[in-house]
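Enquirer: Kindly return the folded structure for what I paste below:
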Amino acid sequence: MALKKAAESSSKGLAEEVQRWGSMKQNGVSLRYMMEFGARPTERNLLLSAQFLHRELPIRIARRAVELESLPFGLSEKPAVLKVRDWYVDSFRDIRSFPEIKDSNDELAFTKTIMMVKVRHNNVVPAMALGVQQLKRDMKINHKVVSELDEIHRFLDRFYMSRIGIRMLIGQHVGLHDPDPQPGCIGLINTRLSPMHVARAASDDARSICFREYGSAPEVEIYGDPNFTFPYVQSHLHLMVFELVKNSLRAVQERFMDTDKDVPPIRIIVADGIEDVTIKISDEGGGIRRSGLPKIFTYLYSTAEDPLDENFEVVSEGTVMAGYGYGLPICRMYARYFGGDLQIISMEGYGTDAYLHLSRLGDSQEPLP
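Expert: Prediction:
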């Protein structure tokens, strides 16, 4: 009995601490600051970085844990969402119970702790998507009602943007420990990233999935200056281009699958502007109806069959062709995280153009939800 009381009192204390930290002010950083700070990964700088994360990460994690408790339409009670909330609370507790970081030994131990936090959260996106699918099934949501669930969309925008930030901060700190970094790389940031190179690699990955799904895949043609580079996070750019090319491949493949016509290629154009690097991905996959365009950035809409099931632990981001209903909205979050954006322009009956704008100035602060 005493043990049970102690456990209840301990979990009440933890819940109160999560609430308290969830109301504290977050501190954003810019891509430029991360680059300049990380360019000199001295012992002192790594110590300062760890001390910053020791205070900042619990605030960001607590905010999300608090929000996960009070979602509308009973979303908080869905088993997948409860699991995500537990991950956030566990991570909050792990970081808060870590003692003050005073020297490089403390810093190395803390780095291991936050690496474990990052791994724990690997499946947050498919888990949340499953929670939303469970909600859709329970509410028998049709596409008309979907647009009315604004509160859930706004929460998911905040939630995913925050997740990108948390993973970026952890990944950047861990990356500064790399004993043999790639030339030009500072943590996760490649200061000489070739968007042409990333576009080719992401397209090849998307085409291999298309081959697996349909037995064939349209060609992808890429235009731009092969020598052009700019500072950006390679994994973010790969994810965005992969998702957009994957959508285009599916649209073209399904439109031309049962015809004798030549299958048109997907075209990618990389443009180097003064403010933005813009990547345009064009397809002739038949486009999207104008009435469907407002839905493409919502998390409760997908034109494909739902591939998710209770076994989301084995689902990794980007392994299926379509169906999560969150590819485009999450792409846009990644673009906006460093001051860019994503626009989709469609001609029904012909095809779709996706414009991925990436801010090349690197000065914009993280958008902190």
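Enquirer: Domains in the chain, by residue range?
Expert: Domains of the chain are assigned by automatic domain parsing as 8-182, 186-359.
Enquirer: Now distance to Glu366, mean neighbour count and mean pLDDT too, for the ones you listed, in a markdown table please.
Expert: (C-beta placed from N, C-alpha, C; glycine too.) Listed next are the domains of the chain as a markdown table, based on distance: least, Cβ to Cβ, whole Å; neighbours: other Cβ atoms under 10 Å; pLDDT from 0 to 100:
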| stretch | distance to Glu366 | mean neighbour count | mean pLDDT |
| --- | --- | --- | --- |
| domain 8-182 | 4 | 17 | 89 |
| domain 186-359 | 7 | 18 | 87 |
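Enquirer: Tell me which of those sits nearest to Leu368.
Expert: Closest approach to Leu368 among these (Cβ to Cβ): domain 8-182, 4.6 Å.
Enquirer: Just give me how far that closest one sits from the chain centre.
Expert: Taking Cα atoms, centre = their mean, to the nearest Å, one finds domain 8-182 lying 12 Å from the centre of the chain it belongs to.
Enquirer: likewise stretch 328-343?
Expert: Put simply, stretch 328-343 sits 9 Å off its chain's centre (Cα atoms, centre = their mean).
Enquirer: Repeat that for stretch 235-244.
Expert: Counting by Cα atoms, centre = their mean, stretch 235-244 is centred 10 Å from the centre of its parent chain.
Enquirer: hang on, the earlier thing: could you export the domains of the chain to a markdown table, including columns for distance to Leu368?
Expert: Shown next, in a markdown table, are the domains of the chain (distance: least, Cβ to Cβ, whole Å):
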| stretch | distance to Leu368 |
| --- | --- |
| domain 8-182 | 5 |
| domain 186-359 | 10 |
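Enquirer: closest to Gln365 out of the ones you listed?
Expert: Of all the domains of the chain, it is domain 8-182 that lies closest to Gln365, at 4.3 Å by Cβ to Cβ.
Enquirer: Excluding residues flanking it in the chain, which one is nearest Lys136?
Expert: Leu300 (6.1 Å; Cβ to Cβ, 6 or more residues apart in numbering).
Enquirer: give me the element the one you found is part of.
Expert: If you go by DSSP states H and E, Leu300 is not part of any helix or strand.
Enquirer: hang on, it packs against Arg137?
Expert: No - using Cβ atoms under 8 Å, Leu300 makes no contact with Arg137, being 11.4 Å away.
Enquirer: Are there helices or strands packed against whichever strand or helix holds Met168, and which ones?
Expert: For Met168, the element it lies in under DSSP H and E is helix 150-175. Counting contacts by 3 or more Cβ pairs under 8 Å, 6 or more residues apart in numbering; DSSP states H and E, helix 150-175 is packed against helix 31-38, helix 43-69, helix 104-120, helix 124-139, helix 327-337.
Enquirer: hang on, the earlier thing: tell me the spacing between the residue nearest to Lys136 and Ala109.
Expert: Here the distance between Leu300 and Ala109 works out to 42 Å (Cβ to Cβ, to the nearest Å).
Enquirer: go on, Lys295?
Expert: Lys295 sits 47 Å away from Ala109, going by Cβ to Cβ.
Enquirer: And for Arg60?
Expert: 21 Å.
Enquirer: what do you get for Leu68?
Expert: Distance, Leu68 to Ala109, using Cβ to Cβ: 28 Å.
Enquirer: Am I right that Lys280 falls within a helix?
Expert: No - secondary structure of Lys280 (DSSP: H, G, I helix; E, B strand; the rest coil): strand, not part of a helix.
Enquirer: That one reaches His357, doesn't it?
Expert: No - if you go by Cβ under 8 Å, Lys280 and His357 don't touch, sitting 9.9 Å apart.
Enquirer: could you list every residue that touches Val241?
Expert: With contact set as Cβ atoms under 8 Å, 6 or more residues apart in numbering, Val241 has these partners: Val198, Ala199, Ala202, Ser203, Ile268, Ile279, Ile281, Leu356.
Enquirer: one more time with 7 Å, if that's ok
Expert: Val241 sits next to Val198, Ala199, Ala202, Ile279 when contact means Cβ atoms under 7 Å, 6 or more residues apart in numbering.
Enquirer: and the residues you listed, which of them are in strands?
Expert: Ile279 (DSSP state E).
Enquirer: Kindly indicate which of the contacts of Val241 lies nearest Glu348.
Expert: Ile279 (23.1 Å).
Enquirer: just to revisit the earlier point, the contacts of Val241: which two are farthest apart?
Expert: Between any two of these, the greatest separation by Cβ to Cβ is 10.0 Å, found for Ala202 and Ile279.
Enquirer: Spatially nearest residue to Leu14 (excluding sequence neighbours)?
Expert: Arg93 (6.1 Å).
Enquirer: ugh, wrong one, His54
Expert: Ile101 (5.6 Å).
Enquirer: ok now do Arg207, which residues does it touch?
Expert: By Cβ under 7 Å, 6+ apart, the residues touching Arg207 are Ala217, Val220, Leu249.
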